[in-house]
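In: just need the structure, nothing else, for what follows:
(one chain, ligands or ions: 1)
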Amino acid sequence: MDFQGKHFLSTRELTLDSLAAVFRVADLLAPVAQGRATTRVLEGAVLGSLFFEASTRTRLSFEAAFQRLGGAIVNTTGFTFSSIAKGESIYDTARVVAGYVDTVVMRHPEERAIHEFAEATHIPVINGGNGAGEHPTQALLDIYTIEKEFARIGRPVNGARIALVGDLKYGRTVHSLIHILSLYQDLTLSLVSPEPLRMPAELVEHARSRGHTVEEHDEVARGVAKADLIYATRVQKERFAEGELSADYAPDFQISLGILNAHGLPHTVVMHPLPRDSRPGANDLAQDLNTDPRLAIFRQTDNGVPVRMALFALTLGVADGIEKTFQPARWWRPERIGPDDAEFYRPGKAGA
Ligand code: NCD
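Out: Numbers count the residues shown, from 1 in each chain. Model (predicted):
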């Protein structure tokens, strides 16, 4: 797809060429995302940031991305302070906001709201997460991260064995990711979830129709065996339908150092869209991998900024020649962002 002037609501529209375009611009913008250079290509542009559902990294990384391109933001969070609480339709809200800004990112708990919103305007609308539907920009930064992690360990994405683990029914990130993965060739997709939280059949069929091998497992041990990548997810209890499963339903699908060691996975990349549940008894991703180079979760979140910058630059038509606009940043930045940041994993290095 060509991004300029288009909405970005789903990963269904993507092609390998459009992914390559995003990756190219994201690579160029990495120094700006990392605070080592500046650009003002979006000076004067305004982003409408509308988050009607909980968010930390998605909202902040979209807003940081737009501001690092020189743009400004207007925003609203939650329903309480929005006119939707007075009964306003999504269509009316969308048309009004579109008159104030140049592009919008919206997150909404109902799947169809983003489509109603996008129908009300010609300014580009980006889906920041629509209920249990999709989270297309998360999947973009996920595949950008997968490409980078796999390049580092010297293996192609084509032919890889990829385990998606956890709540595959309500986890919208894996819905968007499986579409993107389906663009590649000869993958073995191991879908590991408790029976009631399986990947929707339509998405399984889509991957199979593209020639991939899809296995479904209801226990972690068999599902992660020989995986090149484990993508863990949180059980989305907030999306359980009334009476469907109890609100404290929390099967143990935890990915931990013990699981990697028990299954002999020395080169496996571990990802998670975050947030992971870090409370006692949590069950998605243990803390004991925090300094392990296989854990890519913070490289993944860091990658969200250049990827979202690239998407803005492409949809608003300022990507060409962008590097010529760079100026060196004047402020101090540390060498490493986090004290526990593991060295990037390279085969043959300690921990490999
Ligand atoms: C995810 C989401 O909101 O879908 N978080 C995110 O945006 N990275 C995953 C989740 O909430 O579990």
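
In: bridged to residue 216, which residues?
Out: residue 191 (DSSP bridges).

In: next one: it from the ligand, what distance?
Out: Using CB to the nearest ligand atom, to the nearest Å, residue 216 is found at 21 Å from the ligand. C-beta here means a position set from N, CA and C on the backbone, and glycine is covered the same way.

In: cool, and residue 298?
Out: For residue 298, the distance to the ligand equals 13 Å [CB to the nearest ligand atom].

In: go on, residue 301?
Out: Residue 301 is 8 Å from the ligand, by CB to the nearest ligand atom.

In: nearest spatial neighbour of that residue, chain-adjacent residues omitted?
Out: Taking CB to CB, 6 or more residues apart in numbering, and ignoring the residues beside it in sequence, residue 301 has residue 57 as its nearest neighbour in space, at 5.7 Å.

In: do residue 121 as well
Out: residue 98 (3.7 Å).

In: ok, that neighbour - contacts?
Out: Counting by CB atoms under 8 Å, 6 or more residues apart in numbering, residue 98 touches 48, 104, 120, 121, 122, 123.

In: who wins for most neighbours among these?
Out: residue 104 (25 neighbours; other CB atoms under 10 Å).

In: ok, now which ones touch it?
Out: Residue 104 sits next to 47-50, 94, 97-98, 117, 121, 123-126 when contact means CB under 8 Å, 6+ apart.

In: give me the beta-bridge partners of it?
Out: For residue 104, the beta-bridge partners under DSSP bridges are residue 48, residue 125.

In: equivalent analysis for residue 285, please.
Out: Beta-bridge partners of residue 285, as defined by DSSP bridges: residue 255.

In: shouldn't it be in contact with residue 271?
Out: No: in this structure, residue 285 is not within contact of residue 271 by CB atoms under 8 Å, at 9.3 Å.

In: what do those two both touch?
Out: Residues within reach of residue 285 and of residue 271 at once, by CB under 8 Å, 6+ apart, are 232, 297.

In: got the residues of this structure near the ligand?
Out: Contact residues (CB under 6 Å from any ligand atom) of the chain with the ligand: 57, 58, 129, 135, 138, 172, 173, 234, 236, 273, 274.

In: tabulate the contacts of residue 98 (JSON lines), appending pLDDT and distance to residue 182.
Out: Formatted as JSON lines, those follow (pLDDT from 0 to 100; distance: CB to CB, whole Å):
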{"residue": "48", "pLDDT": "98", "distance to residue 182": "31"}
{"residue": "104", "pLDDT": "98", "distance to residue 182": "28"}
{"residue": "120", "pLDDT": "97", "distance to residue 182": "30"}
{"residue": "121", "pLDDT": "97", "distance to residue 182": "30"}
{"residue": "122", "pLDDT": "98", "distance to residue 182": "30"}
{"residue": "123", "pLDDT": "98", "distance to residue 182": "30"}
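
In: let me know the closest of those residues to the ligand.
Out: Lowest distance from the ligand to the contacts of residue 98 (CB to the nearest ligand atom) belongs to residue 104, with 17.1 Å.

In: tell me where the protein has helices.
Out: Assigned by DSSP state H, the chain shows helices spanning 16-33, 57-68, 90-98, 113-119, 136-152, 172-181, 201-209, 220-224, 257-262, 297-315.

In: now these in JSON lines, with mean pLDDT?
Out: Shown next, in JSON lines, are the helices of the chain (pLDDT from 0 to 100):
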{"stretch": "helix 16-33", "mean pLDDT": "98"}
{"stretch": "helix 57-68", "mean pLDDT": "97"}
{"stretch": "helix 90-98", "mean pLDDT": "95"}
{"stretch": "helix 113-119", "mean pLDDT": "97"}
{"stretch": "helix 136-152", "mean pLDDT": "97"}
{"stretch": "helix 172-181", "mean pLDDT": "98"}
{"stretch": "helix 201-209", "mean pLDDT": "98"}
{"stretch": "helix 220-224", "mean pLDDT": "93"}
{"stretch": "helix 257-262", "mean pLDDT": "94"}
{"stretch": "helix 297-315", "mean pLDDT": "97"}
